[in-house]
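1. what would the 3D arrangement of this be:
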Amino acid sequence: MGSADDHDEYAKLVRGMNPPRVVIDNDASDDATVIRVDSVNSHGTLLAVVQVIADLNLVIRKAYFSSDGNWFMDVFNVTDRDGRKILDKPTISYIQTTLEAEDCYYPEVRNTVGIVPSDEYTSIELTGTDRPGLLSEVCAVLAGMKCAVRSAELWTHNTRVAAVVQVTDAATKPSGGGAIEDDARIADISRRLSNLLRGQSGVRAAEAAASLTHKERRLHQMMFEDRDYSAAGRPDPRTEVSVTHCAERGYTVVVVRCRDRPKLLFDTVCTITDMGYVVHHGTVSTEHGDGAYQEYYIRHVDGHPVSSDAERRRVVECLEAAVERRTADGLELEVRTDDRAGLLSDITRIFRENGLTIRRAEISSEGGEAVDTFYLSDPQGHPVEPKTIETIRAQIGEATLRVKNNPFVDDGGSSSDVAAGSTAFLFGNLFKFYRPFQSFGLIKLY
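-> Now for the predicted structure:
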């Protein structure tokens, strides 16, 4: 039997003889840009391509993909968020260059797409359930330890929460930032967070290389590991997943019907891939209204289809969760302003005082500017009343506040920009008023 090194050398030879081929065509379709990709097939190839498209915030209107032996072929019809073709030459060049690069398809030789290398920040992962004010207390510990939060993302689903927070060292590198390099200090942060959790969870330091996983993929993995798919909750009646056996071809057929939204294909393919299945054939399309249809022909990585009712139910539950984690009904609010210590604490205090709940959040700070997006509802999950939105506009002050989605507006979902503002030790009280946090199941530093 050959060694792993021999296998790697052979794989490199095959890849070198068969480099990826990418064609970007704006003439093949009247209403979309067509991206065709042919490459050597390996586990995760489809996810790698979809991830590049998703990271550019492009919308996949239609797609089909197929693998014939060791060769992978797929076609995507994509537009921008406004439904227009991709005509920007730098964007087209980036797609072409990225998808033709070998390291796009082989994670072992690439850095994380769209994320600054890990020596520039320290990542903290949190997952768990309720205890009042826990995350605010976590952020207080980080502030006391001179950790400046540069970005964060939070998802909630079925009473579970997952967050990835990236912090820089504000103690020894107040101007340039960078990862926390002092092992003793990392151990102290871990100890303080362990004390904060009152022994209910673990805190550990990990190698920096662990942060190379794509952030949104990591959030899916964290919630999967936390078994959010099995928690008691009311599934969205618009989400339907079926798993059947195709005996004559030896495939398992997975069909997903749900409300269409950006990054939907990434979320389902990410989950299928991380559960250890391979998509051999598939098709994706939008349906009348705002529906989406996805059909996959899958096998386990060992070549076998889904073999039991229990496994079939697990696939259904996990794909339902994958669809719903990123779904956030209600008000989508973007706040853009100069970054400063206390910005998010001020903003989230205003949300709290107006009786709003944060369902999902995307936080970023770059070049002295903070761009924060919040998905808000009232505590019962109902949309935010127009009078509450006007109150928030009046209270926020100097920032630019953009209502990107408002269910009470009947103009087709157009957004509006409003002068607003206050002001970043990011994440200070961000989730204090979401739902009480009882016990976080995981906190990691790396």
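2. using CSV, write down the CA coordinates of stretch 274-292.
-> What follows is stretch 274-292, C-alpha atoms only, in CSV (Å, rounded to 0.1, in the frame of the first residue of the first chain):
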residue,chain,number,x,y,z
ASP,A,274,-19.4,18.7,6.6
MET,A,275,-21.7,15.7,7.3
GLY,A,276,-19.5,13.6,5.1
TYR,A,277,-21.5,13.3,2.0
VAL,A,278,-20.5,14.0,-1.6
VAL,A,279,-22.8,15.7,-4.1
HIS,A,280,-22.5,13.8,-7.4
HIS,A,281,-25.2,15.6,-9.3
GLY,A,282,-27.6,18.4,-8.6
THR,A,283,-29.8,21.3,-9.8
VAL,A,284,-30.8,24.5,-8.2
SER,A,285,-33.5,27.0,-9.4
THR,A,286,-35.8,29.7,-8.1
GLU,A,287,-39.5,29.0,-8.1
HIS,A,288,-42.5,31.3,-8.6
GLY,A,289,-42.7,34.0,-6.0
ASP,A,290,-39.8,33.8,-3.5
GLY,A,291,-39.3,30.1,-3.5
ALA,A,292,-36.1,28.0,-4.1
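3. in that stretch, what counts as buried?
-> 274, 275, 277, 278, 279, 280, 281, 282, 284, 285, 286, 292 (16 or more other Cβ atoms under 10 Å). To be clear about C-beta, it is placed using only N, CA and C from the backbone, and glycine gets the same treatment.
4. again, but for stretch 245-258
-> 251, 252, 253, 254, 256, 257, 258.
5. quick one: which of those residues is nearest residue 143?
-> For residue 143, the nearest member of the buried residues of stretch 245-258 is residue 258. The distance, counting by Cβ to Cβ, is 39.7 Å.
6. helices of the protein, start to end?
-> Taking DSSP state H as the test, the helices found in the chain are 4-17, 45-55, 89-100, 134-144, 183-196, 215-225, 264-274, 309-325, 343-353, 386-396.
7. now for the fifth one, which elements pack on it?
-> If I follow you right, that is helix 183-196. helix 134-144, strand 203-205, strand 437-445 (3 or more Cβ pairs under 8 Å, 6 or more residues apart in numbering; DSSP states H and E).
8. where among the ones you listed is the average confidence lowest?
-> The minimum mean pLDDT among the helices and strands packed on helix 183-196 belongs to strand 203-205 (a mean of 43).
9. residue 152 and residue 74, how far apart?
-> 33 Å (Cβ to Cβ, to the nearest Å).
10. residue 240: which of the helices of the chain is closest?
-> Once these are compared by Cβ to Cβ, helix 309-325 is nearest, at 8.7 Å.
11. identify all contacting residues around that closest one.
-> 155, 157-158, 219-220, 223-224, 228-230, 235-236, 239, 241-243, 252, 254, 256, 258, 264, 267-268, 270-272, 275, 277, 306 (Cβ atoms under 8 Å, 6 or more residues apart in numbering).
12. pLDDT at residue 278, what is it?
-> The predicted structure scores residue 278 at 93 on the pLDDT scale.
13. please report how far it lies from residue 219.
-> 22 Å.
14. repeat for residue 289
-> Residue 289 is 28 Å from residue 219, by Cβ to Cβ.
15. again, but for residue 326
-> 9 Å.
16. one more: residue 34?
-> Taking Cβ to Cβ, one finds residue 34 at 30 Å from residue 219.
17. ok, the two, which is more surrounded?
-> residue 219 (23 against 18; other Cβ atoms under 10 Å).
18. circling back to that earlier point, and the contacts of helix 309-325, which are buried?
-> With burial judged by 16+ other Cβ under 10 Å, the buried subset of the contacts of helix 309-325 is 155, 157-158, 219-220, 223-224, 228-229, 239, 241, 243, 252, 254, 256, 258, 264, 267-268, 270-272, 275, 277, 306.
19. so residue 271 is in contact with residue 221, correct?
-> No - contact criterion Cβ atoms under 8 Å: residue 271 and residue 221 do not qualify, at 9.3 Å.
20. that'll do, ta.
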